[in-house]
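Colleague: okay, sequence plus prediction incoming.
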Amino acid sequence: MTPAQQPSPQHSPLRRHLLAAGLGSALVGVRRHAQAADAPGHEWRPWPKQKPTPALDLPLLDGGRWRLAEQRGHPLVLNFWASWCGPCRAEMPALELMALRHAADGLRVLCINHRESPLAIRRFTEAIDLSLPVALDADGAASAAWTPKLFPTTVLVSRSGRPLGQVLGELDWAGAAARALLAQLLAAA
């Protein structure tokens, strides 16, 4: 076979076989994962020293209220998300696992939903079996005060109630970058 007659990599027998076997999407996923491993999917932004800590008092999906003022003494992870946000959905299981692993350290994780109905939120949380508390930011005011309205955004708050910074974008909460941020959070007064 001359080079012009050889099948291109796009049309190789192996590729056709994998596509026929339903593994084509797996190849795309592997390729995307390899690209994602080269570049972080998040950005860390320290909280500006001059910026005051916004108030946070929201209703919870399952009833009651969540108030920042009542959380003193606990390191906090405030995750601002929406169910239509793919990266938000992707990081939820790792957030829950992190909360379980660090419960003995006093860590509290709150998922703050941006402007969705309780029905939509409940459908999502039940589908992934999420047990973390979910607060309702029905008008988007909390998201506006705490984030640049990029989802997901996660704010780390020290035991004293002062924000340390924001994680913009998806973070693997079981990975090395998250462990370093959590060590900083757990050590902060």
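Modeller: Perfect, I can see it now.
Colleague: poorly predicted segments of this structure, please.
Modeller: 1-39 (pLDDT under 70).
Colleague: kindly recompute the last result at 90.
Modeller: Along the chain, segments meeting pLDDT under 90 span 1-41, 189.
Colleague: strands along that one, start to end?
Modeller: 42-46, 57-59, 65-67, 76-81, 108-114, 134-137, 153-157, 163-169 (DSSP state E).
Colleague: any chance of those in JSON lines, with distance to Ala177 and mean neighbour count too?
Modeller: Quick note: C-beta positions are derived from backbone N, CA and C, even for glycine. What follows is the strands of the chain, written out as JSON lines (distance: least, CB to CB, whole Å; neighbours: other CB atoms under 10 Å):
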{"stretch": "strand 42-46", "distance to Ala177": "7", "mean neighbour count": "15"}
{"stretch": "strand 57-59", "distance to Ala177": "28", "mean neighbour count": "15"}
{"stretch": "strand 65-67", "distance to Ala177": "27", "mean neighbour count": "13"}
{"stretch": "strand 76-81", "distance to Ala177": "14", "mean neighbour count": "24"}
{"stretch": "strand 108-114", "distance to Ala177": "17", "mean neighbour count": "23"}
{"stretch": "strand 134-137", "distance to Ala177": "25", "mean neighbour count": "22"}
{"stretch": "strand 153-157", "distance to Ala177": "12", "mean neighbour count": "25"}
{"stretch": "strand 163-169", "distance to Ala177": "9", "mean neighbour count": "19"}
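Colleague: as TSV, these with distance to Trp146 would be great.
Modeller: TSV is the format used below for the strands of the chain (distance: least, CB to CB, whole Å):
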stretch	distance to Trp146
strand 42-46	12
strand 57-59	11
strand 65-67	13
strand 76-81	7
strand 108-114	8
strand 134-137	9
strand 153-157	6
strand 163-169	8
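Colleague: out of the ones you listed, flag the one nearest Gln184.
Modeller: With CB to CB, the closest approach to Gln184 among the strands of the chain belongs to strand 163-169: 6.8 Å.
Colleague: list the strands paired with the closest one, with their directions.
Modeller: As defined by DSSP bridges, the strand partners of strand 163-169 come to strand 42-46 (antiparallel), strand 153-157 (antiparallel).
Colleague: let me have the ones you listed in JSON lines, extended by distance to Met92.
Modeller: Below are the strands paired with strand 163-169 laid out as JSON lines (distance: least, CB to CB, whole Å):
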{"stretch": "strand 42-46", "distance to Met92": "15"}
{"stretch": "strand 153-157", "distance to Met92": "11"}
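Colleague: can you tell which of these is closest to Leu171?
Modeller: strand 42-46 (4.3 Å).
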